[in-house]
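Engineer: need coordinates for the below:
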Amino acid sequence: MSVTDFANLPLSSEQLATLKTLQYNQMTPVQAQSLPAMLAGDDVIAQAQTGSGKTAAFALGLLARLNPADFHVQSLVLCPTRELAEQVADEIRRLARSQANIKVLTLCGGVPSRIQTQSLQHGAHVIVGTPGRILDHLTQQRVHFSRLQTLVLDEADRMLDMGFQAELDQIIAATPATRQTLLFSATFPSQIASLTERLMRSPKHVVVEENPIENSIEQVFYEVSSDSREDAVIQLLLERQPDNAILFCNTKRETHALFTVLHNVGFSVQALHGDLEQRDREQTLLQFNNKSVRILVATDVAARGLDIKALDMVINVSMAHDTDTHIHRVGRTGRAGEVGLAITLVTPADEYKFRLLQDTMPTLGQPQQLPESAAQQVRPLHAEMTTIHIMGGKKDKLRPGDIVGALTRNNVLDFDSVGKISIQSINSYVAIKKDKAKLALSCLNNDKLKGRRFKARLL
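Structural biologist: Here you go, the predicted structure:
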């Protein structure tokens, strides 16, 4: 038996069976280093990047302490964004399969408070949410943490970056001093150090070194002038023709400006930044993940915590302000054993940033001149799918099988025309091949799901 085998941990036989079913065969470094301390009841500080397996680590830790017969809130997980909270909640539910009647509730903005209040009245073992909405329910006395056993701060650095310090302080003050606290952060700035000193008791420190990105990611640096970056991006996208790509900018203004240029040229593109309404942000991510949009132009805060399994290319349109952020951006491509491509545009004003990057990664070499364009006659790739929004979801007992059944009944569509399906609380989304979209929309609007009619529209 390997030392990284889950069977080495004091987990129940049911939990080990669940891990085997989910094909969680060996622990990742962050799991191997943090889980023994978590299961022993210790406070833990873990410095690890997205994609390191940290969610499964703290999920297994908190599930091991739960009492299914007690419907008070026993675990609270705080996340910076709704998207991350949804991913975390889904992972906890998957890992809780073997534990009967475990209720995991997500409390985030973008969903009416009254719906969440109704769910809270039925009790919950685990709550996952964003600080703002959690504090709202707490101050209205709709939720109580007097029986809380485990508090998890996921991506704590980003929560502080986004200005949640005051909300965190108020929420933590409402939890028992005897709780176990687990803090996960990609970076460890002074704010985090100050936070851990105030809220943790003799925590165990776990630092997981990131895998060298040079091995799995080709990094290319191009020298450009500050006013030619948009033209450079267009040239690179036309020449490389990625299936999907994220273009990183440093500000919301830059993000919106680049999105407008690319959209006008004819690219399949959406923008992701802090000024977007929650619903628009959520739908943008859905479209990118289900192949209805090929290119995402994003700021760092907006892109943190995205669950993207395979990404062809990253372009740093603006160089990141620090090395950690650059590594985090670049690390989004080249996952699951694939070789990724990360292109960074370097202007004369970026010389200092580039020198700092070279200190960390000495093999980078020097920025190249952008070659003459070889793509004058090439057209932007269109997205292969489009997304249909159905006004009904989990509250209406809808399941993915209901949607697939309605679309493929009587051979209206074949299974290959149906892509990813996302069922949320009061909305559902299904990706459909573009040439079948109108047929699918007509089918959904004129057929019944669960014996009812639901309105559907193209995004």
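
Engineer: worst-scoring helix or strand of this protein, pLDDT-wise?
Structural biologist: For the chain, the helix or strand with the lowest mean confidence is helix 213-216, at a mean of 58 (criterion: mean pLDDT, DSSP states H and E).

Engineer: so what does the helix or strand following it touch, helix or strand wise?
Structural biologist: Sequence-wise, the next helix or strand downstream of helix 213-216 (DSSP states H and E) is strand 217-223. Here strand 217-223 touches strand 340-346, strand 368-369, going by 3 or more CB pairs under 8 Å, 6 or more residues apart in numbering; DSSP states H and E. For glycine as for every other residue, the C-beta is placed from the backbone atoms N, C-alpha and C.

Engineer: name every strand pairing with the last one and say which way it goes.
Structural biologist: If you go by DSSP bridges, strand 368-369 pairs up with strand 217-223 (parallel).

Engineer: dump the partner strand to CSV, restricted to CA.
Structural biologist: Taking C-alpha atoms only, strand 217-223 is exported to CSV below (Å, rounded to 0.1, in the frame of the first residue of the first chain):
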residue,chain,number,x,y,z
ILE,A,217,3.3,24.7,-20.2
GLU,A,218,5.0,26.4,-23.1
GLN,A,219,5.6,30.1,-22.2
VAL,A,220,6.1,32.6,-24.9
PHE,A,221,6.8,36.3,-24.3
TYR,A,222,6.3,39.0,-27.0
GLU,A,223,7.6,42.5,-27.0
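
Engineer: mean confidence score for it?
Structural biologist: Taken as a whole, strand 217-223 carries a mean pLDDT of 90.

Engineer: cool, and stretch 106-116?
Structural biologist: Mean predicted confidence for stretch 106-116 is 85.

Engineer: my understanding was that residue 53 contacts residue 31; is that so?
Structural biologist: Yes: using CB atoms under 8 Å, residue 53 is in contact with residue 31, at 5.2 Å.

Engineer: so who does residue 424 touch?
Structural biologist: By CB atoms under 8 Å, 6 or more residues apart in numbering, the contact list for residue 424 reads 86, 393, 394.

Engineer: quick one: the first one from residue 154, how far?
Structural biologist: Which is residue 86. Distance of residue 86 to residue 154, computed by CB to CB, to the nearest Å: 12 Å.

Engineer: what of residue 453?
Structural biologist: Distance from residue 453 to residue 154, by CB to CB: 39 Å.

Engineer: helix/strand/coil for the closest residue in space to residue 350 that isn't next to it in sequence?
Structural biologist: Leaving aside its chain neighbours, residue 350 sits nearest to residue 319 (4.5 Å; criterion: CB to CB, 6 or more residues apart in numbering). Using DSSP: H, G, I helix; E, B strand; the rest coil, the structure places residue 319 in coil.

Engineer: ok, residue 368 touching residue 219?
Structural biologist: No: applying CB under 8 Å as the test, residue 368 and residue 219 come out as separate, 11.4 Å apart.

Engineer: tell me which of the two has more neighbours.
Structural biologist: Ranked by neighbour count (other CB atoms under 10 Å), residue 368 and residue 219 place residue 219 first, with 21 against 11.

Engineer: mind listing what residue 384 touches?
Structural biologist: Counting by CB under 8 Å, 6+ apart, residue 384 touches 291, 433, 434.

Engineer: typo on my end, residue 395
Structural biologist: Contacts for residue 395 (CB under 8 Å, 6+ apart) come out as 115, 425, 426.

Engineer: at 6 Å what do you get?
Structural biologist: Shown in contact with residue 395 (CB atoms under 6 Å, 6 or more residues apart in numbering): 425, 426.

Engineer: could you list the domains of the protein?
Structural biologist: 6-207, 213-369, 385-458 (automatic domain parsing).

Engineer: quick one: closest of these to residue 377.
Structural biologist: Closest to residue 377 of these, according to CB to CB: domain 213-369, at 9.4 Å.

Engineer: give the residue spans of the chain that score low on pLDDT.
Structural biologist: Counting by pLDDT under 70, the chain contains low-confidence residues at 1-3, 50-51, 209-215, 301-307, 309, 335-338, 374-375.

Engineer: and with 50 instead?
Structural biologist: For the chain, residues meeting the criterion pLDDT under 50 lie at 212.

Engineer: ok, residue 180 touching residue 150?
Structural biologist: Yes: Residue 180 is within contact range of residue 150, at 4.8 Å (criterion: CB atoms under 6 Å).

Engineer: and what about residue 379, helix, strand or coil?
Structural biologist: Secondary structure, three-state DSSP: residue 379 is coil.

Engineer: count of residues packed around the residue lying closest to it once chain neighbours are set aside?
Structural biologist: Leaving aside its sequence neighbours, residue 379 sits nearest to residue 266 (CB to CB, 6+ apart; 7.0 Å). Number of residues near residue 266 (other CB under 10 Å) recorded here: 11.

Engineer: now do residue 415
Structural biologist: 8.

Engineer: what of the one 10 residues further on?
Structural biologist: Using other CB under 10 Å, the number of residues around residue 425 comes to 17.

Engineer: secondary structure class for residue 114?
Structural biologist: At residue 114 the chain is in helix, as set by three-state DSSP.

Engineer: among residue 53 and residue 31, which residue is more densely surrounded?
Structural biologist: The residue with more neighbours, out of residue 53 and residue 31, is residue 31; 27 against 16, by other CB under 10 Å.

Engineer: am I right that the more buried one is in a helix?
Structural biologist: Yes: assessed by three-state DSSP, residue 31 belongs to a helix.

Engineer: now it, nearest residue through space, not along the chain?
Structural biologist: Of all residues not flanking residue 31 in the chain, residue 57 sits nearest, at 4.5 Å (CB to CB, 6+ apart).

Engineer: repeat for residue 152
Structural biologist: Excluding the flanking residues, the one nearest residue 152 by CB to CB, 6+ apart is residue 77, at 4.2 Å.

Engineer: quick check: the one you found is in a helix.
Structural biologist: No: read with three-state DSSP, residue 77 is strand and lies in no helix.

Engineer: that one: how many residues sit nearby?
Structural biologist: Every residue meeting other CB under 10 Å relative to residue 77 is counted, giving 27.

Engineer: residue contacts, it?
Structural biologist: Going by CB under 6 Å, 6+ apart, residue 77 touches 88, 128, 152.

Engineer: can I get the helix or strand where the last one lies in PDB? Just the C-alpha atoms.
Structural biologist: It refers to residue 152. Assigned by DSSP H and E, residue 152 belongs to strand 150-153. Output in PDB follows, covering the C-alpha atoms of strand 150-153 (Å, rounded to 0.1, in the frame of the first residue of the first chain):
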ATOM      1  CA  THR A 150     -15.600  23.300  11.600                       C
ATOM      2  CA  LEU A 151     -15.000  26.600   9.900                       C
ATOM      3  CA  VAL A 152     -13.300  26.600   6.500                       C
ATOM      4  CA  LEU A 153     -11.900  29.800   4.800                       C
END
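
Engineer: quick one: it to chain centroid distance?
Structural biologist: In terms of CA atoms, centre = their mean, to the nearest Å, the centre of strand 150-153 is found 18 Å from the chain centre.
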